[in-house]
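K.L.:
sharing a model prediction with you, sequence too.
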Amino acid sequence: MPGTFFGLTEAQITELGMTYGVGGLMLLMVFIVGHLAWESKAGKFGTFALFLGLTFGMVGYIAKYVIKIKLGIL
């Protein structure tokens, strides 16, 4: 099968990576921020501020995925 890698096309590999790969990295980032808050003894407000500031970029990526599902693009 020319043009495939382990039976998957380039588009399928990209879709898997963008869905599960980036999602896994986002989950890892949440654990890293939580560990950072724990190690720094940030308290409730400090932990909230860390999560808000350091994970705010994930909101856009998640919103894009939800919008794609709602519009039936996925």
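P.N.:
Structure's in. What do you need?

K.L.:
and the residue nearest to Thr19 when sequence neighbours are not counted, how far from Thr4?
P.N.:
Nearest residue to Thr19 in three dimensions, chain neighbours excluded: Tyr65, at 7.9 Å (CB to CB, 6 or more residues apart in numbering). C-beta: built from backbone N, CA, C; applies to glycine. As judged by CB to CB, to the nearest Å, Tyr65 and Thr4 stand 26 Å apart.

K.L.:
please say which of the two ends up with more neighbours.
P.N.:
Using other CB atoms under 10 Å as the criterion, Tyr65 and Thr4 rank with Tyr65 on top: 15 against 11.

K.L.:
look at the more buried one and report its pLDDT.
P.N.:
As predicted, Tyr65 sits at a pLDDT of 84.

K.L.:
ditto for Gly3
P.N.:
At Gly3, the pLDDT recorded in the model is 69.

K.L.:
next: Gly7.
P.N.:
82.

K.L.:
ok, it - how many residues close by?
P.N.:
7.

K.L.:
would you map the helices across this protein?
P.N.:
10-16, 22-40, 43-71 (DSSP state H).

K.L.:
count the neighbours of the residue nearest to Leu54 when sequence neighbours are not counted for me.
P.N.:
Leaving aside its sequence neighbours, Leu54 sits nearest to Val33 (CB to CB, 6+ apart; 4.9 Å). Other residues lying near Val33 total 17 when counted by other CB under 10 Å.
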